[in-house]
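> Dropping a prediction and its sequence here:
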Amino acid sequence: MPEGHTVHRIAGLFRDVFQGQSVAASSPQGRFHDGAQLISGSVLERAEARGKQLFLHFERDRIVRVHLGIYGAWDVMTLHGESVRAGSPQTLSLGAPRATRRRIGEREESFDADEPFPPAPRGAVRLRLETLDVVADLRGPTACEVQTPEEVAAVMARLGPDPLLDKGIRGQREFVRRVSSTSRPIGMVLMDQAVVSGIGNVYRAEILFRHALDPYRPASSLPEETVVTLWKDWAKLLADGVKTGVMLTRHDLDASGRTRALRVAKDRYFVYKREGLPCRVCGTHVQMALMATRKLYFCPHCQAS
DNA sequence: CATCGATGTTGAG
DNA sequence: TCAACCTCGATGG
């Protein structure tokens, strides 16, 4: 599911396949019918992510803002093979070219779909974006709406820095300022999109473990140097996540362990979803507690104050 | 078949 | 603090 890395991957993929092209838009499910009509046939000028928010800039200052929420996902299907790509309608009708599907969101996967192109929408597709050789289906988003540049600016203004957009000292300083100015627990603060963009429940737990931090410790009590380290670590994890599509957060693995963890979810994390299992560092049982309705995982020994 | 849970946010009280 | 919302795969009977 979507933490910041997923959304940046989608933005990158959309730049590759849609940017500069006229895109047909529809809402097979019907719930985004009017919005789809507003943009259908216009050129996608830009696709950008900020944290978990995706902005698709179409002509005439029409911007589609998408937030996947907890289970939203994009399904992207492309025809493969250049000859098919360039194919005329006759070529397409010559019989069921195979498509490659890429699911982006909860669980990413690629597979050959044994079906004609473009495939019929499956399930509740809120928004379908389509060119001659690419179809992207959006399901289950928390938000999908057409906004003006002013509305987009207002959303952006409420978001904390994103390491991929606010590189260098400016983003870092902003992060330090926002973390240090609140006494709420650091475990809550890292999840607050107004403090920093893109961190979700998985990265939150893993980052805290990687820095041996007690999730309940007041954010303002952390030394500035620790906060700077957190920012740099998030920047690295995010860059890795965008590259691989996987939240691999363990720095205790050799090359083969890493390869395995990329494949096997159970091996992927230090503490996330490992309640009751031995801490990978000290063997203490990993604990789970609710923090503001979300499940928080941590090692009570390694992460003691 | 029904129920549950998930990498999230919003808004009411 | 809590319910509502959005969708689907996993789990249980």
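Perfect, thanks for sending it.
> What's the local residue count around the closest residue to residue A:258 other than its chain neighbours?
Excluding its sequence neighbours, the residue lying closest to residue A:258 (CB to CB, 6 or more residues apart in numbering) is residue A:248, at 6.9 Å. All C-beta spots, glycine's among them, are computed from the backbone N, C-alpha and C. Applying other CB atoms under 10 Å, we find 19 residues neighbouring residue A:248.
> Check residue A:28 too.
If you count neighbours by other CB under 10 Å, residue A:28 ends up with 19.
> Check the gap between it and residue A:182 for me.
Taking CB to CB, to the nearest Å as the measure, residue A:28 falls 43 Å from residue A:182.
> same thing with residue A:294?
18 Å.
> show me what contacts the residue in chain A positioned nearest to DNA strand C?
Residue nearest to DNA strand C within chain A: residue A:123 (2.3 Å; CB to the nearest atom of the strand). Contact partners of residue A:123, counting by CB atoms under 8 Å, 6 or more residues apart in numbering, are residue A:139.
> can you do 10 Å?
Counting by CB atoms under 10 Å, 6 or more residues apart in numbering, residue A:123 touches A:28-29, A:75, A:137, A:139-140.
> and if you look at residue A:31?
A:124-127, A:144.
> mind redoing it with 7 Å?
By CB atoms under 7 Å, 6 or more residues apart in numbering, the contact list for residue A:31 reads residue A:126.
> That one looks like it's in a strand, true?
No - according to DSSP: H, G, I helix; E, B strand; the rest coil, residue A:31 belongs to no strand; its state is coil.
> any idea how far it is from residue A:243?
On the measure of CB to CB, residue A:31 and residue A:243 end up 34 Å apart.
> Kindly report the domain assignment for chain A.
Annotated domains of chain A cover A:4-155, A:161-298 [automatic domain parsing].
> Determine if any part of the shortest one is in contact with DNA strand C.
Yes - taking CB under 7 Å from any atom of the strand as the criterion, domain A:161-298 and DNA strand C are in contact, through A:292-293.
> Compute the first-to-last residue distance for that domain.
Start-to-end span of domain A:161-298 (CA to CA, to the nearest Å) is 25 Å.
> touching DNA strand B at all, it?
Yes - against DNA strand B, domain A:161-298 shows contacts by CB under 7 Å from any atom of the strand at A:191, A:193, A:200-202, A:247, A:273, A:293-295.
> which of these sit farthest apart?
Of all pairs drawn from the residues of domain A:161-298 next to DNA strand B, the widest gap by CB to CB lies between A:193 and A:273 and measures 22.1 Å.
> Do a quick rundown of the helices in the stretch 1-150 of chain A.
Along the stretch 1-150 of chain A, the segments classed as helices by DSSP state H, counting those that start in this stretch run A:4-17, A:33-39, A:82-85, A:89-93, A:149-157.
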